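Colleague: Sequence first, then the predicted structure, then my questions.
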Amino acid sequence: MKERESFSGKLGFILSCIGSAIGLGNIWMFSWRLGQYGGAAFLVPYCIFVFILGSIGLMGEFALGRSRKKGSFGGIKEIFKEKNLPFGSIIATIPTIGLTGILIFYTVVVGWIIRYFYASLIGTFNKVDIPTYFSNFAGTSSSIPWHALAVLLTIIVVTLGVTKGIEKVNKIVMPALFIIFIILMIRSLTLPGAVKGIKYLLIPDWSYLLKPITWVMALGQAFFTVSLTGCALVVYGSYLNDDIDIPSAAIHTVIFDTISALLASFIIIPSAFAFGLDPTAGPALLFITVPSIFKMMPGGNIFGALFFLSIIFASVSSAINMMEGPVEALMHQFNWKRTNTVFIVGLFSFIAAIPLDLSMAKFGAFSDFITVYISPLGAVLAAIAFFWIYGAEKARIQINKGSAKPLGKWLEPAGKYMFVSISIIVLILGIIYGGIG
Ligand code: TRP
């Protein structure tokens, strides 16, 4: 068997994890929630959750992968086997199935984004009614070729492998994304009337901290935004050498993910206010409000194209991580070659998503099913496998391997009791609220 690939170093690894973490959640969810749930007050629960739980979750996933040099499926199966526990192979598939589900619907949206990039470049939005343009396209067969292009882009990168594909692309695309975000933020903040949006984001309404919904949404946001699925970051961790500092990599991922979400908020909300538009959540924000902003903005064509280019970077780097999960699992289980496996996963995920191309209702139902039930369940199962079955003490030793400042004993109860129980709460709250991530 060929030797397992690995990231060339800490920088490539961290940028790849940031690439996974920064995605649509940072753009179409965070900015809206920040405004909706008390402005700067929302940052209090959000930062508590993302810095404490997000980084513990990331450390667990990285170390689970690295300790066995196997992805989620192979690693969890092995842990069950070592303890002679039944159903290991079945339980171990769940996180990978969840991630594959995310891949299926996410690439549909990446297709829409590529189409919007192209439309901004050629100035389409100056001529059309944007809501009509979106509804004539999303949920119809005309989105299929764009979706195919999104899958193809992802396939190309994943085929090239960990160092030559995933790491290399993230090393270019992540710094580029931050540069574009900063340019766009300056543009947005200097628009006449942007001040209202800045106030909306920054003036804290502390009364929101007394409302449970603020905490629930901050918790869901924190889990989703760092890609905790029990698979995605386990796989990246499995390509990590033992001398890399996992706690530091985890905290860097959280910091840059949070910065990008704040930058996105200061791009979108102030400019929406400047043009008298209502900031919304979800697809409508990105595909209706945002192009309407650029339509009215001086130099909107160029800024709009730049914006959608940066969203392509953000979303493709996430899709790459989503595809690598099932690809690694199949390569591991069947000893398949990377090229063939990527082709099979790519084709499967593309075909499986065609019904979602054709119907927005199906798209909504499928993406809710995956993000409410399967993927949080996967995160819970991986955390239980690592912190309970493998054992909290051994987990801490694995996390600390290669770390400049090893974490103390406190990490054991923090992982075993706090993180696992809060992950279960995230799953339950998601079911109660119909989705919080
Ligand atoms: N973190 C991504 C975002 O904010 C979404 C996401 C959730 C993800 N789970 C993932 C990305 C797994 C890659 C892999 O949009």
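Modeller: Done, it's in.
Colleague: show me where the stretch 301-437 of the chain has helices.
Modeller: Counting by DSSP state H, counting those that start in this stretch, residue ranges of the helices within the stretch 301-437 of the chain are 338-358, 360-369, 375-384, 392-400, 411-413, 420-433.
Colleague: What residues does the stretch 251-400 of the chain have near the ligand?
Modeller: Within reach of the ligand by Cβ under 6 Å from any ligand atom, the stretch 251-400 of the chain has these residues: 318, 321, 322. Heads up, the C-betas are built off the backbone N, CA and C, glycines and all.
Colleague: now these as TSV including neighbour count and pLDDT?
Modeller: As requested, those are exported to TSV (neighbours: other Cβ atoms under 10 Å; pLDDT from 0 to 100):
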residue	neighbour count	pLDDT
318	26	98
321	28	98
322	29	98
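Colleague: Now render the residues you listed as TSV, adding distance to residue 236.
Modeller: Shown next, in TSV, are those (distance: Cβ to Cβ, whole Å):
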residue	distance to residue 236
318	12
321	7
322	12
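Colleague: Tell me which residue of the stretch 51-200 of the chain lies closest to the ligand.
Modeller: residue 102 (5.4 Å; Cβ to the nearest ligand atom).
Colleague: other SSEs contacting the host helix or strand of that residue?
Modeller: Following DSSP states H and E, one finds residue 102 within helix 88-121. Contact here means 3 or more Cβ pairs under 8 Å, 6 or more residues apart in numbering; DSSP states H and E; on that basis helix 88-121 packs against helix 72-82, helix 144-159, helix 290-296, helix 300-334, helix 338-358, helix 360-369, helix 375-384.
Colleague: Give me whichever of those helices is most buried.
Modeller: The highest mean neighbour count among the helices and strands packed on helix 88-121, using mean count of other Cβ atoms under 10 Å, belongs to helix 375-384: a mean of 26.
Colleague: any idea how far the helix holding residue 102 is from the chain center?
Modeller: 10 Å (Cα atoms, centre = their mean, to the nearest Å).
Colleague: Which positions in that helix come out as buried?
Modeller: For helix 88-121, burial by neighbour count (16 or more other Cβ atoms under 10 Å) applies to 88, 91-117, 119-120.
Colleague: and it with helix 72-82, angle?
Modeller: Interaxial angle of helix 88-121 relative to helix 72-82 (axes from the mean of the first three to the mean of the last three Cα atoms, to 10 degrees): 170 degrees.
Colleague: okay, the angle between helix 88-121 and helix 300-334?
Modeller: Using the same axes, to 10 degrees: helix 88-121 against helix 300-334 is 160 degrees.
Colleague: So what touches stretch 204-224?
Modeller: Applying Cβ atoms under 8 Å, 6 or more residues apart in numbering, the contact partners of stretch 204-224 are 25, 29-30, 33, 37-42, 44-46, 48-50, 53-54, 57, 371, 376, 379, 422-423, 425-426, 429-430, 433, 435-437.
Colleague: Just the buried residues of those.
Modeller: Neighbour-count burial (16+ other Cβ under 10 Å) is assigned, among these, to 25, 29-30, 33, 37-39, 41-42, 44-46, 49-50, 53-54, 57, 371, 376, 379, 422-423, 426, 429-430, 435-437.
Colleague: what's the closest non-adjacent residue to whichever residue of the stretch 251-400 of the chain sits closest to the ligand?
Modeller: Closest contact between the stretch 251-400 of the chain and the ligand, by Cβ to the nearest ligand atom, is at residue 318 (3.8 Å). Of all residues not flanking residue 318 in the chain, residue 23 sits nearest, at 3.8 Å (Cβ to Cβ, 6 or more residues apart in numbering).
Colleague: now swap in residue 150 and tell me
Modeller: Closest to residue 150 by Cβ to Cβ, 6+ apart is residue 110, at 3.7 Å.
Colleague: One more: residue 48?
Modeller: residue 218 (7.9 Å).
Colleague: The one you found sits in which helix or strand?
Modeller: helix 212-225.
Colleague: Could you tell me the backbone phi and psi angles at residue 128?
Modeller: Dihedral pair for residue 128: phi -120, psi 160, per degrees, to the nearest 10.
Colleague: Could you report the separation of residue 167 from residue 150?
Modeller: 21 Å (Cβ to Cβ, to the nearest Å).
Colleague: Give me the helix or strand of this structure that scores worst on average pLDDT.
Modeller: Lowest by mean pLDDT, DSSP states H and E among the helices and strands of the chain is helix 283-284, with a mean of 88.
Colleague: near the ligand, anything from the helix holding residue 218?
Modeller: Yes - taking Cβ under 6 Å from any ligand atom as the criterion, helix 212-225 and the ligand are in contact, through 224, 225.
Colleague: so after that helix, what's the next helix or strand?
Modeller: Sequence order places helix 232-238 as the next helix or strand after helix 212-225, per DSSP H and E.
Colleague: Get me the contact residues on the stretch 1-150 of the chain for the ligand.
Modeller: Contacts of the stretch 1-150 of the chain with the ligand, taken as Cβ under 6 Å from any ligand atom, map to 20, 21, 23, 24, 25, 26, 99, 102.
Colleague: from those, which is closest to residue 157?
Modeller: residue 20 (12.7 Å; Cβ to Cβ).
Colleague: and the closest one, what does it touch?
Modeller: By Cβ under 8 Å, 6+ apart, residue 20 lies in contact with 227, 232, 233, 236, 317, 318, 320, 321.
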